[in-house]
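K.L.:
everything below, folded, please.
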Amino acid sequence: MNKIQVTAQQRANALDALNVMWPSVPEANVMPELASWRRGSDRGVKPNCGTVACFGGWCAWWPAFRAQGVQVDSCTGQPYAIGGPTGSVSLDLFGHYGMFYVSGANADTDYGFQGTDHELVTHRLNWLIENSEVVS
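P.N.:
The predicted model follows:
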């Protein structure tokens, strides 16, 4: 398999998400389907205990990612990246398109995985770090 080419910032983002941001998110706060965005009155509020959220939604509230232009759309609740080359939080922050897909939908990372969606995010971040190389 060819390595995924990522920037130094994308590698740093994956390491930050894996080692600091995602471990701070309680498993009970992760929506059972990662691809389902927060809706209703909670979409403009930082995720907290009992709030439905996906990995992308949490990324939009992490200070280091917000500083890189990640925001939450006030109408849809979806995260997006302003000023990034693609506008996709998954691609712009991490260099891979499938980080927020529902479990089993990312053939690259999910093959044979068994576990919760919280564990799946950790698995995908580890996979990305192991299967990518930094390019300038």
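
K.L.:
pLDDT weak spots in this structure?
P.N.:
Across the chain, residues meeting the criterion (pLDDT under 70) sit at 1, 31-53.

K.L.:
rerun at 80
P.N.:
Counting by pLDDT under 80, the ranges of the chain that qualify are 1, 28-54, 57, 73-78, 102-103, 136.

K.L.:
any idea where the helices of it begin and end?
P.N.:
8-16, 55-59, 63-66, 89, 107-110, 117-130 (DSSP state H).

K.L.:
take those and write them to CSV, including mean neighbour count.
P.N.:
Using the backbone N, CA and C atoms, a C-beta is placed for each residue, glycine as well. Formatted as CSV, the helices of the chain follow (neighbours: other Cβ atoms under 10 Å):
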stretch, mean neighbour count
helix 8-16, 17
helix 55-59, 26
helix 63-66, 15
helix 89, 26
helix 107-110, 15
helix 117-130, 18
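
K.L.:
which one of those lies closest to Asn2?
P.N.:
Smallest distance to Asn2 across the helices of the chain (Cβ to Cβ): 11.5 Å, for helix 107-110.

K.L.:
let's have the helices of the chain in TSV, adding distance to Gly83.
P.N.:
Compiled in TSV, those are given as follows (distance: least, Cβ to Cβ, whole Å):
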stretch	distance to Gly83
helix 8-16	13
helix 55-59	15
helix 63-66	12
helix 89	12
helix 107-110	27
helix 117-130	22
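
K.L.:
could I get the buried residue list for stretch 97-107?
P.N.:
Neighbour-count burial for stretch 97-107, counted by 16 or more other Cβ atoms under 10 Å, picks out 98-103, 106.

K.L.:
done for today, thanks.
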